[in-house]
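1. Need coordinates for the below:
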Amino acid sequence: MRREQFLSLEGLGSPAPGASPVMDFCHRLKDRLNKNHVVLDYDMPPLPESQPEAAPPAPVPAVKAKAVVPANKDKAPADRASRNHNLQTLLNNFKLLLDYLAMLNENKSDMAATTEELLYGILYPDVKAAVTRGDFTSCKEHYDLHGAKEGRLYSLSSIVKKYSKTFNLVKDAILVEGAPGIDRSELGKFNIVPFYFAGGFDNGAMHGLESKSICVHLHLFYQDMLPILIQKLNNIPYPFTLFVSVPQDVNHDSVAQTLRKEIRLAKHVVVEPVPNKGRDIAPFIVQFGSRILDHDYVLHIHTKQSLHTAKLKNWGLEIFDLLLGDRSKVSQILMLLRDRAKIIYPEGQTIYFKDPTGWAGNHAVARDLLRRFTDIAIDEFPVVEFAEGTMAWARTSALAEYLSLPLTWDDFPPEPITSDGSIAHALERLPFILAYDSPGEYFKICKRDSIDDHRFYEEQQDYRQTIVHKNIKALAYYLPQFHPIPENDLWHGKGFTEWTKVKAATPLFAGHYQQHIPHPDIDYYLLDNPDILRQQAEMMQRAGMHGSIFYHYWFTGKLILEEPAQMLLDNTDINMPFCFCWANENWTRCWDGNESEILLEQKYSDEDAAKFINYLIPFFKDSRYIKIEDRPVLFIYRPSSIADAPRYQEIWKEQCQAAGLKAPYVVAVLTRGASSPTEYAMDAAVERVLHDWTNGNVAEMKELVHAYYPLKGSILNYDEVANYYMQQQPEFDFTYFRSIIPNFDNTARYGASAILTHQNSPVKFQAWFENLVQYSNTLPPDRQFVVVNAWNEWAEGAHLEPDTRFGYGFLNAIGRALSDLPYGCKALPQISVPPGIKIFLEIPKFIEQAMADDAFFKRKFLHNLGQATLWGHCTVQAKDSVAAALREVFPHCPVVTAENKEAADFVVQFRRPAFLAPDCLENMLRSALQFRNSIILSNCYDNTAELVSVEENGSVSTLSAYNNALALLPPSHNGNFKLCTQARVFVTGCTVTPEAALPEVTTVVRIHPGYSITCLRNALLSLLAMHSCVAKPLVAVQNFSQDMRRDVETLLASIFPAPQYYQIEYFDEPEISDLRTRMLNEGIRRAKTRYVGFLDFDDLLMNDAYSFLISEMQGTGKAVAFGRVFATNYYSETQELVVRNRTYEYGFSYEDFLTNNCLPLHSFLMDKSQIDFNAVQYFDDMIFLEDYFFLMQVLTQENAHWPSLQKNRYVGDYIHTLDRAQSLACADTDARSNILNSECFKRCTQRIEDLRAKITAG
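-> You can find the predicted model right below:
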């Protein structure tokens, strides 16, 4: 940072005339840091003016975020904006200042002492006054005599640390109001900056690095990895010190000799034996920590080997490649450390599920370490980020506190240690926390997708047999710049293709989708053979696409990138209809078609027109060439650039007729000033989306994102762009083709000057495409074109070709739109399970231990697992201990013993103790066969209040997946998690209390002939999952036939391990159609346990409901305790809980209850020993409000624990089915109204009123 840049930071004003610049700036810093907490209030910035497509716009002054103190929040927005400063700029300036002070300190600059003297006087005016009076010769003298003892700050290092902490507290406290596009969870507390290596770099940018002191700590546990490490360490371009820790039984002198000989720039090699404790972390801190701090930068690595899984065997090598891949990569890392970064670490691996908090089983140990050695509260970091494997580059100043932890070898247990929860694992998670207040940023080196969000990922489907819009011809622009050519070698470097730029892109702001990485099916292909075109043609056909519009580059006879189209012409077997779009703009170094840095210029003449069309005539004669009225279609990208367009077309017509062809059907692309094809005597026009960047009709959002770099371009929200174009209703007197983009983002070409759309998805793309299909159906059948920009414009982020984030999502969206299929479909795939599939049951050690500790859980779990319908369809494998346990319960269980899961087709991973619906695993497998390479998750019901958000396509976020109870893992994972809503799983808890000592609860469940056996099954499974008690359903059955009775008995026997755990009571009276009141009252009287409750067959209870309610009763001696239940919307077809409402969170006393029933039937539990149920009166014809009538007779002010309602503790769900009729839980307003107005309901209501009056009267 230059000194003049430091002194002119925006937002802090200019130095006062004649004042010391540093002193004045320090005064202003102090004033700013003393400001109270602020809230950001965003005004939308002015919209950018029209700009040429794909060209970065000139910077547009924007109305930036305004700092608003809370006292002014009642002011009008304009008034607030006029009174305050730009806080975001101010925060950025603070960061620059702190980095500057840190630089002075680290470099021992001549200005450091002067700055310390000035800052001390500013921070402590009393000292400054004393110096002025002559009491002290300098501020330094005061500090030495008194200030240090008083805890005052003098050194730059202490000042930087204090104000860095202040800066971070202010930064973290900012609230963004009205700022779409910013997701605080997306940013995280650490504000990680994702980073991709550039393909090349400027050696001149490495100035200053030669003076830096670099060291490496290598923990060399596995000696066989030494050769690869030597190779990688030779990529460090500057001299460095190498600290190596080795096991005590290794000849460390021999290792040192080898390293000194083989590593060219290792100026100092120190190899020391260490105990086999604390893995790589203890040597890093205990053995070498103090010596590492004598350097500026450090790299910490070790011989990573994950021996517990074959899928991670190359993980360590992947990390080495990111941290030490080659000299270019290491140079870029060192430049980041010099300029911005405090820690640089490699992306994590994606093999296993990750705790979204990052803490896993290490929170308690980490908390104790922070309490023991720091003043940091772990609660400040509910989510932690860390370098997996602990390997990273860092400024040693950022790791100073970490490497200075006063740990000894005695703090670490000897190996082997647990796989999680040790002091080493906890320390692995602390560097980012302890470096939090240090200047600089955290950078994550990425190789895969920088955004771990694959909810919209899809494998390709085949829609050829389902297309209904058969006249719609979906065409996509095709860029042929995917093979090297001499011109690009000359202009852009040897081997340049479109991929060169794509591979160098890096995200510009939080949530920015970059890089775009091609799907493994296509990889970074080269258009140097026809097989690539064949593959592309097949992908297009599967999606229902018609063909391609090849960009054609012709410059007065000079051809560029013509080989792919020529290759298509030569290979007539490739089924790819095509036509051309003449990209008749200048070829420039920046690909913007403008007049600067022209490499190939367009020149127009009659001779050129004839030569141009004669080159194309062989293509026009190809049967695959797209035609309208038997005329070859030719798009013109810039019709306004052709000085005499009619003359050109006359010549084209003459030449074509001479060749036996009709005149070309010429389509004008409406861009660069063209507004009508008739101006140029052309036949039709095609829309060019974003050619004017919506002309200000879509709001700019550049100021609303968390930027990693100063943004000079423009950002529009993709959904808003789509809405803008979908709302247009074009009415022209000429043929007009509509167009669409899957995305637009030219970051790969323009970096921070890029213009782009943000937050695109196949969901909105499909809706937009469907809109264009409706329009195109109004055109004549031979010209119902929908034009997509583009098939493969990867450097502009506009590609239908599959990538690693969305897969084939955009291609499938076209197939669905042409087939009139909705985007989302959660219906169970109608796929039969083929024979021979091998499934491995992976039951973790903690569940096996739970079975050992809790015999009741084991009995239920194994019985439940044995009911799975999957047994009849697959070969089920399990390790020996699990197979043996299953055979204890089912002697003839067809489980196959297999210790190695790697050979299985799928792995069923139990992640929490839970009970499964019998068809759960089979349904998950059917989903897995439909969604290849997606991890399939169960529809998990537990005691958490928040429902998992499920996308229309059944996908859930990576973070949501972690807490799921059951997962079906494919051999390879594409990053997508699908939730199979028909795979019901009910999480339970375990206890060490013997079954005989557990309280027993009878739950009355009433069913009638119109019941749903699926809903009853789910209700019973929720009772099976009830922990810390023995929940026994009493199923009250009304007027069932013998077959229906058999179904219920079979169901109960399949869920509960023995008849002693359930009870069936039959109520038969054919002349009465509804016996609900009788079943309620008689059912409770027939219960044989002390505790009794209710559960309707279509409702659910959480697994801790009864343990909570029983504890409430036992703690108070009351006969009744209450919880709350959600009013939950539910789709019975997909078995999906979609919305939970706190509708019944009212009523907190007996008086409230008498006024209005606040107690849904399954929200309470009763102690039968304290209540005389035989005294309760009921009426068979009271088919509404029967529960309220019952409760009004049972509950009193004294016998119930009414304060339990104050806790608002939720214990279950009162289901409102959206696609099936119910009684008062009906979601249909009209049906509910009819019930409320019926004579029967009025009669029931009157009985309630009469009883209420009787109770009130005493």
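
2. so residue 256 touches residue 244, yeah?
-> Yes - contact criterion C-beta atoms under 8 Å: residue 256 and residue 244 qualify, at 7.3 Å. Bear in mind the C-beta positions are built from the backbone N, C-alpha and C, glycine included.

3. More neighbours: which of those two?
-> residue 244 (25 against 17; other C-beta atoms under 10 Å).

4. give me the low-pLDDT residue ranges for the stretch 51-200 of the chain?
-> Low-confidence segments of the stretch 51-200 of the chain, defined by pLDDT under 70: 51-96, 106-110, 165-188, 200.

5. Can you tell me the centre-most residue of the protein?
-> Centroid check for the chain by C-alpha atoms, centre = their mean gives residue 453 as the closest residue, at 3.4 Å.

6. which residues do residue 256 and residue 244 both contact?
-> 269, 270, 271 (C-beta atoms under 8 Å, 6 or more residues apart in numbering).

7. Give me the distance between the residue nearest to the centre of the chain and residue 805.
-> Relative to residue 805, residue 453 is positioned 8 Å away (C-beta to C-beta, to the nearest Å).

8. hang on, the earlier thing: tell me if I'm right that the residue nearest to the centre of the chain and residue 959 touch.
-> No - using C-beta under 8 Å, residue 453 makes no contact with residue 959, being 9.6 Å away.

9. picking that back up, what helix or strand is the residue nearest to the centre of the chain on?
-> In the assignment (DSSP states H and E), residue 453 maps to no helix and no strand.

10. do the same with residue 1246
-> Taking DSSP H and E as the definition, residue 1246 sits inside helix 1239-1257.

11. elements contacting that helix?
-> Helices and strands touching helix 1239-1257, as assessed by 3 or more C-beta pairs under 8 Å, 6 or more residues apart in numbering; DSSP states H and E, comprise helix 1150-1155, helix 1186-1194.

12. Output these as JSON lines; include the columns mean pLDDT, mean neighbour count and distance to residue 639.
-> Formatted as JSON lines, those follow (pLDDT from 0 to 100; neighbours: other C-beta atoms under 10 Å; distance: least, C-beta to C-beta, whole Å):
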{"stretch": "helix 1150-1155", "mean pLDDT": "95", "mean neighbour count": "15", "distance to residue 639": "75"}
{"stretch": "helix 1186-1194", "mean pLDDT": "96", "mean neighbour count": "20", "distance to residue 639": "75"}
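
13. looking at those helices, which is closest to residue 876?
-> Nearest to residue 876, of all the helices and strands packed on helix 1239-1257, is helix 1186-1194, at 43.7 Å by C-beta to C-beta.

14. So which elements touch the closest one?
-> helix 1076-1085, helix 1239-1257.

15. ok, residues contacting the last one?
-> Okay, so that is helix 1239-1257. Residues from elsewhere that reach helix 1239-1257 (C-beta under 8 Å, 6+ apart): 1154, 1179, 1181-1186, 1188-1189, 1192-1193, 1235.

16. What residues of whichever strand or helix holds residue 330 count as buried?
-> Assessed by DSSP H and E, residue 330 sits inside helix 327-339. Residues of helix 327-339 classed as buried: 328, 329, 330, 331, 332, 333, 334, 335, 336, 337, 338 (neighbour count, 16 or more other C-beta atoms under 10 Å).

17. contacting residues for the last one?
-> Each residue near residue 338 by C-beta under 8 Å, 6+ apart is listed here: 208, 209, 212.

18. Quick check: PyMOL command selecting the buried ones in the residues you listed.
-> Applied in PyMOL, the following selects the buried portion of the contacts of residue 338 according to 16+ other C-beta under 10 Å:
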select buried, resi 209+212
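
19. In strands, which of the contacts of residue 338 fall?
-> Among these, none falls in strands (DSSP state E).

20. I'd like the contacts of residue 338 as JSON lines, with distance to residue 1239 and pLDDT appended.
-> Listed next are the contacts of residue 338 as JSON lines, based on distance: C-beta to C-beta, whole Å; pLDDT from 0 to 100:
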{"residue": "208", "distance to residue 1239": "90", "pLDDT": "85"}
{"residue": "209", "distance to residue 1239": "89", "pLDDT": "92"}
{"residue": "212", "distance to residue 1239": "89", "pLDDT": "95"}
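
21. Just name the closest of the buried residues of helix 327-339 to residue 370, please.
-> Of all those, residue 337 has the smallest distance to residue 370: 25.9 Å, by C-beta to C-beta.

22. wait, what's in contact with that closest one?
-> Residue 337 sits next to 297, 344, 393, 394, 395 when contact means C-beta under 8 Å, 6+ apart.

23. Same question for residue 533.
-> With C-beta under 8 Å, 6+ apart, residue 533 has these contacts: 527, 564, 567, 568, 571, 574, 576.

24. Not counting residues beside it along the chain, what's closest to the third one?
-> Going back to what we said before, that points to residue 567. Setting aside the residues directly before and after it, residue 567 is nearest to residue 530 in space (C-beta to C-beta, 6 or more residues apart in numbering), at 5.4 Å.

25. Could you report the neighbour count for that neighbour?
-> 16.

26. Pretty sure residue 571 is one of the things it touches, is it not?
-> Yes - at 4.4 Å, residue 530 counts as touching residue 571 under the criterion of C-beta under 8 Å.

27. what's the closest of the shared contacts of residue 256 and residue 244 to residue 447?
-> When those are compared for distance to residue 447 (C-beta to C-beta), residue 269 wins out at 30.1 Å.

28. From the contacts of residue 337, which land in helices?
-> With helices taken from DSSP state H, there is no overlap with the contacts of residue 337.

29. quick one, helices of the stretch 451-600 of the chain?
-> Secondary structure of the stretch 451-600 of the chain (DSSP state H, counting those that start in this stretch): helices located at 486-492, 498-502, 530-542, 563-570.

30. Please identify the deepest-packed of those helices.
-> Neighbour counts (mean count of other C-beta atoms under 10 Å) averaged over each of the helices of the stretch 451-600 of the chain peak at helix 498-502, with a mean of 22.

31. pLDDT of it, averaged?
-> Taken as a whole, helix 498-502 carries a mean pLDDT of 96.

32. Output the contacting helices and strands for that helix.
-> On a contact count with 3+ C-beta pairs under 8 Å, 6+ apart, helix 498-502 meets helix 747-750.

33. what about the helix it packs on, average pLDDT?
-> Mean predicted confidence for helix 747-750 is 95.

34. picking that back up, with only the CA atoms kept, save the helix holding residue 330 in CSV.
-> The C-alpha trace of helix 327-339 is given here as CSV (Å, rounded to 0.1, in the frame of the first residue of the first chain):
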residue,chain,number,x,y,z
ARG,A,327,5.7,-22.2,-8.9
SER,A,328,2.9,-20.1,-10.4
LYS,A,329,0.4,-21.3,-7.8
VAL,A,330,2.8,-20.7,-4.9
SER,A,331,3.7,-17.3,-6.2
GLN,A,332,0.0,-16.3,-6.3
ILE,A,333,-0.4,-17.5,-2.7
LEU,A,334,2.6,-15.5,-1.6
MET,A,335,1.2,-12.4,-3.3
LEU,A,336,-2.1,-12.9,-1.6
LEU,A,337,-0.3,-13.1,1.8
ARG,A,338,1.6,-9.9,1.0
ASP,A,339,-1.5,-8.0,-0.1
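
35. mind giving me the domain ranges of this structure?
-> With domains defined by automatic domain parsing, the chain comprises 3-179, 211-445, 473-505+535-694+701-818, 838-987, 998-1257.

36. Return the member of the buried residues of helix 327-339 nearest to residue 587.
-> residue 328 (28.7 Å).

37. Alright, calling it a day.
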